[in-house]
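Colleague: Just to be clear, the model below is a prediction. Sequence and coordinates:
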Amino acid sequence: MTSTNSQPVLEDISVIVAGQGGDGSLTVITMLADLFRNVGLNVYTERDVASRIRGGHAAATMRAFIGEKHCIGSHIDLLVALDEEAVEKKVHQISSNSIVVFDDSSGPLRSGLLLEGTKLYAAPFNRIAMRTMRRELYKNSIAFGIVGRLLGLEDEAMRQTFTKRFERRGQIILDYNIEALELGLHLADEMGIKRGEGKYRIEQTEPEEQILVMGNESIAFGFMAAGGRFFTGYPITPSTEVLETLQKWLPRCGGVVRQTEDELAGINMAIGAALTGVRTMTATSGPGISLMQEGVGHAGSGEVPLVIVDCQRSGPSTGMPTKPEQSDLNIMVFGGHGDFPRIVLTPGHPDDCFYLAVDATNLADKYQCPVFIAMDQALSQNIASVKPFNLDKVKVVPGKRLTAEEVAALDTYKRYSFSEDGISAFAAPGTPGGMSLVTGNEHDEFGLVSTDPKNRVKMMDKRFHKIEEAKKELPKGRHFGEPDAPIGFIGIGMMYGVILDARIELEKRGYNTQYLQPRTLWPMLDETLEFIDRCERVYVIDLNAQGQIAHLLMHQGADSSKIISIRRYDGLPYRPGYLVNQIVEQEEKLNNDDKKEAKAQ
Amino acid sequence: MTTPPSTKTFTPARPIWCAGCGDFAVQGVLEKSLRNMGILPHKLMLLAGIGCSGTIQNNLKCYGYHALHGRVLPATIGAKLANPDLTVIAAGGDGDGFAIGAGHLVHTFKSNPSIMYIVMNNSNYGLTKGQVSPTSPIGYHDNAELGLDSMLLGLSFLSSTFLARGFSGNPEQLGRLMEAAIEHTESGKGFAFLEVLSPCVTYYDTHREWRAKVYNLDEDESFDPTSRAAAFQKVIELKEQGHIPIGRIFKGEHPSLESIIVNKEETLPAQQNIGHFNEHRKHYDQFIKAHLG
């Protein structure tokens, strides 16, 4: 590879491909991610689509970097715009240092749209695809040649990735795409972007073994590794990949996956399966969570172990199905009629999703209650490079289950026996002697319907006591920064990566911060409240309009005077720079207020 | 285990039904049929819906479950798919099955899991004091709609495999139908749907009316229950003549749900030793390989 010193080493780059839905933006980004992962960089990708199959503005973003990052950056280094609208929509994220690759099939880019100095490479990808290949479809593969060259990727590596990507779709599709790539590389030569003369230089390192996964896939595999063998689901964006991943893999382990007629069937079929002792999960998004509420309460009252994944999207009602939000927290923590215990876990990264899915599956079985995994669209569907999951860290912790011999050794078997920890051992159907009743009605220890006031109170207390016991071992949060830093952050889900990135920038600007990612949102752990106690003020980042996390913290006794509630509900994913600006603005305002106050005194 | 353990567990409840309720006969016939068919209590799951009939699981020694209103079928299917070794029976009323739970019934006919579903049809909402139900006829209270006929509904699915209607006033026949239904599910042939005309003595006593109207197809030698088209025609004709057809309405063949989606090479989901993922390590390795690119 020839190189010149003017080529900066690629350390952290963000590439965005934007156009209309169906233009193949995501395909380009997925292949770029694969290429960068193969040369030893870490990657993180994001999709931004309308809820439709074709059309509507659509974009996909990839960040490739050295070191640890868990979000898309604020700045775009390379914009691949497949139409003018793409430039209009993304121009605010590019600077004069950015490169723009533009499809000028419909005419040259409107002058004045880009900042002066922005390097523009325009070529009629669509026209070339139509003229040479009679298929508009291949314009993205043609553009890929230009993009790959600019980024310093090797031609041969590009061909390999194309082969890997398209060969499973048949020789014809593969041949067409390779032909399109070659057209693109030829075009790059004509435009003066020769091999090894791109804008960047990649310092190739021996790649660590890294897999590319999205949170939904990690959830599915964590569940499977923890002994999950039954899954029900009804397709709904952005949870569907949990269903699809398990449809592919779970039956191979002897598990059953059932796509049900609706979410009501989804949760109730899961409950029916769980009664037999199998570890069970269902996954959905906001509208499905609303439909499932009766079932959630039923599992709480009947003490049925169940894992429910909520891949949150913008609500209420149908909302904005492909946009991220964290606005189902209230329904997960408080939803359903009546009082019943539940656990809500909050992973922050595809890697975390795997391990928390293991925990959720174990906890549901042990505490015989509904356990939610609170995801959001970005965490669910953004793809990151992570180390292959460590199966040695997976412990399958069995619940209190009685064998036939253990039942036979008892004088009396009661499905809902009162016990010190509130957990009643149970015999699964098929166990001789273990016949029992499970019901959502209030019941006595045998499961027989009861409205006896004393029994009622004892049963309610028993169920809630389980959660007190669970607190001792619920997943702890992750803490970053010095414990005496004055400024605190609390944020969950996709905010994990954004806050980590923002902290670095804030530190450069002189703000000393610490961050707690609670991984158990409910019941609230003492560590969360202690974190708030030791900060001077805490920015609680809520991806919802009402400040659901902030309210939950205050409801649990956090000092409200310390909480600064930051809320966002416009459907856009958070970028670190946006957060930094919000914090700096707020800090400066506080600073000014202090000065005014000092003056007044 | 040869002798059943002496461990005490719940004492089956006494039925809460009104004296003379048709559901007594259903329970009696069910208990007898299970005995005759050799179904062991610990291998039986009885799942019931909400309503008067939805208390039957409390009265039998078995693994009982009280579902949410209308959701007994999905719960039952979940149990069956998780552990096909069990005998899994759903029970409920006409409101539970044909109103709030009708969507699930449609999909159960479609998917054909090997479960028996007993619908105790009393043509009103007894537990909430006699409101109009999906099977109430025109003229009951202020009802102006024709009642739903579940046999016609079932027949319209080319995947339905067992449709029968019994009458609590004819327990001998009901016993034969129920044993045939259990035989159907135990041999993995699919969904055995058994509606039982079970009069409500308190709010809508149809006993005499139904006794006069029933037409027993089991006694009609010209009727062929293996012909779906003939069954359709006969049921419609009888209804038009003001009769209620009872007996074996239809028996067909179609692959059962569990025979299609449960992996026969592996241990059943509910019977797996989940402590060792290493058994399935090769699938994990494949997953990783697929994501390594």
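Modeller: Yep, it's here. Numbering: from 1, shown residues only, chains lettered A, B, ... in the order given.

Colleague: going forward, measure contacts and count neighbours with C-alpha atoms only.
Modeller: OK.

Colleague: And the nearest residue to A:Ala188 once chain neighbours are set aside, which helix or strand is it part of?
Modeller: Leaving aside its sequence neighbours, A:Ala188 sits nearest to A:Ile146 (Cα to Cα, 6 or more residues apart in numbering or on different chains; 5.2 Å). For A:Ile146, the element it lies in under DSSP states H and E is helix A:139-150.

Colleague: Also A:Ala470?
Modeller: Going by DSSP H and E, A:Ala470 is in helix A:453-471.

Colleague: Distance from the chain centre to whatever helix or strand comes next after that helix, please.
Modeller: Past helix A:453-471, further along toward the C-terminus, the next helix or strand under DSSP H and E is strand A:478-480. Averaging C-alpha positions (Cα atoms, centre = their mean, to the nearest Å) puts strand A:478-480 18 Å from its chain's average.

Colleague: after strand A:478-480 comes which helix or strand?
Modeller: With DSSP H and E, the next secondary element past strand A:478-480 is strand A:487-490.

Colleague: what sits against A:Lys119?
Modeller: When contacts are counted by Cα atoms under 8 Å, 6 or more residues apart in numbering or on different chains, A:Lys119 touches A:Ser96, A:Asn97, A:Ser98, A:Ile99, A:Val100.

Colleague: Could you report the neighbour count for the second one?
Modeller: The one in question is A:Asn97. 14 (other Cα atoms under 10 Å in any protein chain shown).

Colleague: if I read this right, it contacts A:Ile76, doesn't it?
Modeller: No. Assessed by Cα atoms under 8 Å, A:Asn97 is found out of contact with A:Ile76, at 9.3 Å.

Colleague: where are the low-confidence patches of chain B?
Modeller: Applying pLDDT under 70 to chain B flags the ranges B:1-4, B:276, B:293.

Colleague: whoops, the stretch 101-250 of chain A was the one
Modeller: Within the stretch 101-250 of chain A, no stretch has pLDDT under 70.

Colleague: Go again with 80.
Modeller: Residue ranges of the stretch 101-250 of chain A with pLDDT under 80: A:196-198, A:204-207.

Colleague: So which residues of it form strands?
Modeller: A:119-123, A:211-214, A:228-233 (DSSP state E, counting those that start in this stretch).

Colleague: Can you tell me the strand partners of the longest one and which way each runs?
Modeller: Strand pairing for strand A:228-233, using DSSP bridges, gives strand A:256-259 (parallel), strand A:279-284 (parallel).

Colleague: And B:Ser111, how far from B:Leu73?
Modeller: Counting by Cα to Cα, to the nearest Å, the separation of B:Ser111 from B:Leu73 is 12 Å.

Colleague: So for these two, which residue has more residues nearby?
Modeller: Between B:Ser111 and B:Leu73, B:Leu73 has the larger neighbour count (other Cα under 10 Å), namely 33 against 21.

Colleague: residues making contact with the helix or strand that one falls within?
Modeller: Using DSSP H and E, B:Leu73 maps to helix B:72-82. Contact partners of helix B:72-82, identified using Cα under 8 Å, 6+ apart, comprise A:230, A:256, A:265-266, A:268-276, A:278, B:47-49, B:66-67, B:86-92, B:104-105, B:108, B:113-115, B:117, B:258, B:262, B:268-270.

Colleague: Let's test this: mean pLDDT of the helix or strand harbouring A:Val498, rounded?
Modeller: Following DSSP H and E, one finds A:Val498 within helix A:495-508. Regarding helix A:495-508, the rounded mean pLDDT is 97.

Colleague: neighbouring strands for the following helix or strand past it, and are they parallel or not?
Modeller: Next along the chain after helix A:495-508, taking DSSP H and E as the criterion, comes strand A:513-517. If you go by DSSP bridges, strand A:513-517 pairs up with strand A:478-480 (antiparallel), strand A:487-490 (parallel).

Colleague: Let me know which of those is tucked in deepest.
Modeller: strand A:487-490 (a mean of 24; mean count of other Cα atoms under 10 Å in any protein chain shown).

Colleague: how far is it from where the chain is centred?
Modeller: Counting by Cα atoms, centre = their mean, strand A:487-490 comes out at 21 Å from the chain centroid.

Colleague: Assign a three-state SS to B:Glu183, would you?
Modeller: Assigned with DSSP: H, G, I helix; E, B strand; the rest coil, B:Glu183 falls in the helix class.

Colleague: From A:Glu46, how far off is it?
Modeller: If you measure B:Glu183 against A:Glu46 using Cα to Cα, the figure is 54 Å.

Colleague: Between the two, which has more neighbouring residues?
Modeller: Neighbour count, other Cα under 10 Å: between B:Glu183 and A:Glu46, A:Glu46 has more, with 24 against 15.

Colleague: The more buried one - that's part of a strand, no?
Modeller: Yes. Counting by three-state DSSP, A:Glu46 is found in a strand.

Colleague: ok so, going back, pLDDT and secondary structure for the contacts of A:Lys119 - can I get that in CSV?
Modeller: Converted to CSV, the contacts of A:Lys119 look like this (pLDDT from 0 to 100; DSSP: H, G, I helix; E, B strand; the rest coil):
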residue, pLDDT, secondary structure
A:Ser96, 86, strand
A:Asn97, 88, strand
A:Ser98, 92, strand
A:Ile99, 94, strand
A:Val100, 96, strand
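
Colleague: Rebuild those residues as TSV, extending it with distance to chain B.
Modeller: Shown next, in TSV, are these (distance: Cα to the nearest Cα, whole Å):
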residue	distance to chain B
A:Ser96	34
A:Asn97	32
A:Ser98	29
A:Ile99	28
A:Val100	28
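
Colleague: most neighbours, which of these?
Modeller: For the contacts of A:Lys119, the largest number of neighbours (other Cα under 10 Å) sits with A:Val100, at 25 neighbours.

Colleague: Find the residue at the geometric middle of the chain.
Modeller: If you meant another chain, say so; for now it's chain A. Using Cα atoms, centre = their mean, the residue of chain A that lies closest to the mean C-alpha position is A:Leu379, 1.1 Å off.

Colleague: that's the other chain; I wanted chain B
Modeller: Nearest to the geometric centre of chain B sits B:Tyr117, at 0.4 Å (Cα atoms, centre = their mean).

Colleague: what helix or strand is it on?
Modeller: Taking DSSP H and E as the criterion, B:Tyr117 maps to strand B:116-121.

Colleague: What residues sit buried inside that strand?
Modeller: B:Met116, B:Tyr117, B:Ile118, B:Val119, B:Met120, B:Asn121 (16 or more other Cα atoms under 10 Å in any protein chain shown).

Colleague: Assign A:Arg415 to helix, strand or coil.
Modeller: A:Arg415 - assigned by three-state DSSP - is coil.

Colleague: Can you read off the pLDDT for it?
Modeller: pLDDT recorded at A:Arg415 is 98.

Colleague: tally of neighbours for it?
Modeller: By the measure other Cα under 10 Å, the count of residues near A:Arg415 is 24.

Colleague: For it, list the residues it contacts.
Modeller: When the contact criterion is Cα under 8 Å, 6+ apart, the partners of A:Arg415 are A:Ser424, A:Ala425, A:Phe426, A:Ala427, A:Ser436, A:Leu437, A:Val438, A:Glu445, A:Phe446, A:Gly447.

Colleague: Rebuild those residues as a markdown table, extending it with neighbour count and distance to B:Phe277.
Modeller: Output for the contacts of A:Arg415, formatted as a markdown table (neighbours: other Cα atoms under 10 Å in any protein chain shown; distance: Cα to Cα, whole Å):
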| residue | neighbour count | distance to B:Phe277 |
| --- | --- | --- |
| A:Ser424 | 24 | 26 |
| A:Ala425 | 20 | 24 |
| A:Phe426 | 24 | 23 |
| A:Ala427 | 26 | 23 |
| A:Ser436 | 30 | 30 |
| A:Leu437 | 30 | 31 |
| A:Val438 | 26 | 30 |
| A:Glu445 | 20 | 34 |
| A:Phe446 | 19 | 34 |
| A:Gly447 | 24 | 33 |
